[in-house]
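**Q** Here is the input, now give the coordinates:
(one chain, ligands or ions: 2)
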Amino acid sequence: MNGSDIFFPKAIFTNHSLSGEKVIKSTRILAELEGVFQDQKAFDLLDKQQVIYYVSSYMPVPENTTGGLFMGITTLYPGKVGNEYFMTKGHFHATTDRAEFYWGVEGEGMLILMDAERNVWVERMFPGSLHYIPGKIAHRVANTGHQKLVFAASWPSDAGHDYETIAANGFARRLVDINGIPTLS
Ligand code: S6P
Ligand code: ZN
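**A** Ligands and ions are numbered 1, 2, ... in the order given. So this is what the prediction gives:
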């Protein structure tokens, strides 16, 4: 090995965010989550421009490449719409059998999972929690704490996202605050 074989990494993971040439950043404001929460009256009273979560994703290969991997870091703010915690949109993968890892980095939350028969269950998220999401399972995350929830994810580059099924039918159960306790209703 000589000096010309030593490279700087193509992406950097600092301050709970990714940076690099092939990193894509996106932000979701409350207006983009219209219809996601049950309590429409409470939704209407909130500032629609507020950021609910932002994601930075390192995509070293083009989308839909078979055999590649992506990685993303999501920061989800604390808050509620009525008694329902702020959460991500949630999705199935477009290539339905593709799996994914999520892991907790900072804060507290719940990973909400739903299979094709609409059975719903949740896993607690905390710094160091590791979650294997099998293929064919819809996934979304709720922030049940009082601080930012940061989690990372890694998924196959040909997984794609099916947001439409969740936008149309939602999850079969909702994670709500009942007397300060996150409860699946
Ligand atoms: C991608 C992965 C995450 C989410 C992110 C936002 O497969 O699951 O990076 O994109 O947490 O959630 P959503 O449901 O709005 O994509
Ligand atoms: Zn996913």
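
**Q** C-alpha from now on. contacts and neighbour counts both.
**A** Noted.

**Q** buried stuff in stretch 41-56?
**A** F43, I52, Y53, Y54, V55, S56 (16 or more other CA atoms under 10 Å).

**Q** Looking at those residues, which is nearest ligand 1?
**A** V55 (6.1 Å; CA to the nearest ligand atom).

**Q** Locate the closest one within the secondary structure: which element?
**A** strand 51-58 (DSSP states H and E).

**Q** continuing past that strand, what's the next helix or strand?
**A** Downstream of strand 51-58 (by DSSP H and E), the next one is strand 69-76.

**Q** does ligand 1 sit close to that following strand?
**A** Yes - Strand 69-76 comes into contact with ligand 1 (CA under 6 Å from any ligand atom), by way of G72, T74.

**Q** Tell me which other helices or strands that strand touches.
**A** In terms of contacts (3 or more CA pairs under 8 Å, 6 or more residues apart in numbering; DSSP states H and E), strand 69-76 is packed against strand 17-20, strand 51-58, strand 149-156.

**Q** And that strand, how far out from the chain middle?
**A** 7 Å (CA atoms, centre = their mean, to the nearest Å).

**Q** ok, now stretch 30-40?
**A** Using CA atoms, centre = their mean, the offset of stretch 30-40 from its chain centre is 16 Å.

**Q** Name the residues of the chain found near ligand 1, please.
**A** Close to ligand 1, as judged by CA under 6 Å from any ligand atom, the chain has residues G72, T74, T88, K89, G90, H91, R140, A153, W155.

**Q** what residue ranges in this structure score low on pLDDT?
**A** 1-3 (pLDDT under 70).

**Q** in the chain, what residue is nearest ligand 1?
**A** Using CA to the nearest ligand atom, G90 is the residue of the chain that sits closest to ligand 1, at 3.3 Å.

**Q** which residues touch that residue?
**A** A138, H139, R140, V141, Y163, I166 (CA atoms under 8 Å, 6 or more residues apart in numbering).

**Q** Now with 10 Å, please.
**A** Contact analysis of G90 by CA atoms under 10 Å, 6 or more residues apart in numbering lists 36, 112-113, 138-142, 161-167, 170-171.

**Q** Ok, E164 next?
**A** G90, H91, F92, A94, G170.

**Q** Could you work out the most separated pair of the residues you listed?
**A** Spatial extent of these (CA to CA) is set by the pair A94 and G170 at 16.2 Å.

**Q** Of these two, give the one with the bigger neighbour count.
**A** G170 (19 against 15; other CA atoms under 10 Å).

**Q** Check the contact between the more buried one and F37; I expect there is one.
**A** Yes - under the contact definition of CA atoms under 10 Å, G170 touches F37, with a separation of 9.3 Å.
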